[in-house]
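[1] Sequence plus predicted model, see below.
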Amino acid sequence: MDVYEAIATRKSIREWQDKDIPDEVLERVMEAARLAPSAKNLQEWRFIAVRDKDLRERLVPAAAGQAFVGAAPVVLVCCADTDNHLMRCGQLCYPIDVAIAMDHLSLAAVSEGLGTCWIGAFYEDQVKSILGIPEHIRVVELMPIGYPAKPDKVDKIRLPLDEIMRKDRW
């Protein structure tokens, strides 16, 4: 699968097959995250691959009650070990850099037959408590990952290119 096909077929998955992800497959997906670019090459991202069923189920209330999060065979807890470095443009680099790494891994997941879902609806303090994450580490997103129960393709509803792209000037 080339990158364009992975982009076109990636979708948010909320139903999973009862099937484990082999270690070597998860490692390939995480290698894609590791290779992502980051501001000043700080590589602040850190990931916890939560496989333990009890821990995944305990994450459900912390994920605003979204049961499908705990039903995935793995929940990636996407974190940052950051000094809150600001880029020259004034933006914090860690949320952007973690998102870039997550995008890399989500596309690699598609190429492995896996599905993912970006989860921003969670309570950081609860996730930290459940997983023993140190206070100075930021939890940026959760990402359940597994084999989709319905791997069929979906049509994406997106704005046309001429509504999102300008040429030379606004």
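    On my side now, so go ahead. Being a predicted model, the structure only gives us computed values, none of them experimental. Residues are numbered from 1 along each chain as shown.
[2] Only C-alpha atoms, please: export the lowest-mean-pLDDT helix or strand in the chain in PDB.
    The weakest-scoring helix or strand in the chain, judged by mean pLDDT, DSSP states H and E, is helix 3-9 (a mean of 93). Extracted C-alpha coordinates of helix 3-9, given in PDB (Å, rounded to 0.1, in the frame of the first residue of the first chain):
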ATOM      1  CA  VAL A   3       1.000   6.500   1.300                       C
ATOM      2  CA  TYR A   4      -1.700   8.000  -0.800                       C
ATOM      3  CA  GLU A   5      -3.800   4.800  -0.500                       C
ATOM      4  CA  ALA A   6      -3.200   4.800   3.300                       C
ATOM      5  CA  ILE A   7      -4.400   8.400   3.500                       C
ATOM      6  CA  ALA A   8      -7.400   7.700   1.400                       C
ATOM      7  CA  THR A   9      -8.500   4.600   3.300                       C
END
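[3] and the next helix or strand after that helix, average pLDDT?
    For helix 3-9, the following helix or strand on the C-terminal side (DSSP states H and E) is helix 23-34. Mean per-residue pLDDT for helix 23-34: 98.
[4] The closest residue to Q17 other than its chain neighbours: neighbour count?
    Excluding the flanking residues, the one nearest Q17 by Cβ to Cβ, 6 or more residues apart in numbering is Y147, at 4.2 Å. C-beta coordinates here come from the backbone N, C-alpha and C atoms, glycine included. Per other Cβ atoms under 10 Å, the neighbour tally for Y147 reads 20.
[5] residues in contact with Y147?
    W16, Q17, K19, I21, P73, G113, L114, G115 (Cβ atoms under 8 Å, 6 or more residues apart in numbering).
[6] Please apply the same query to A121.
    Per Cβ under 8 Å, 6+ apart, neighbours of A121: A63, A64, Q66.
[7] how far away is the first one from G146?
    If I follow you right, that is A63. Separation of A63 from G146 (Cβ to Cβ, to the nearest Å): 15 Å.
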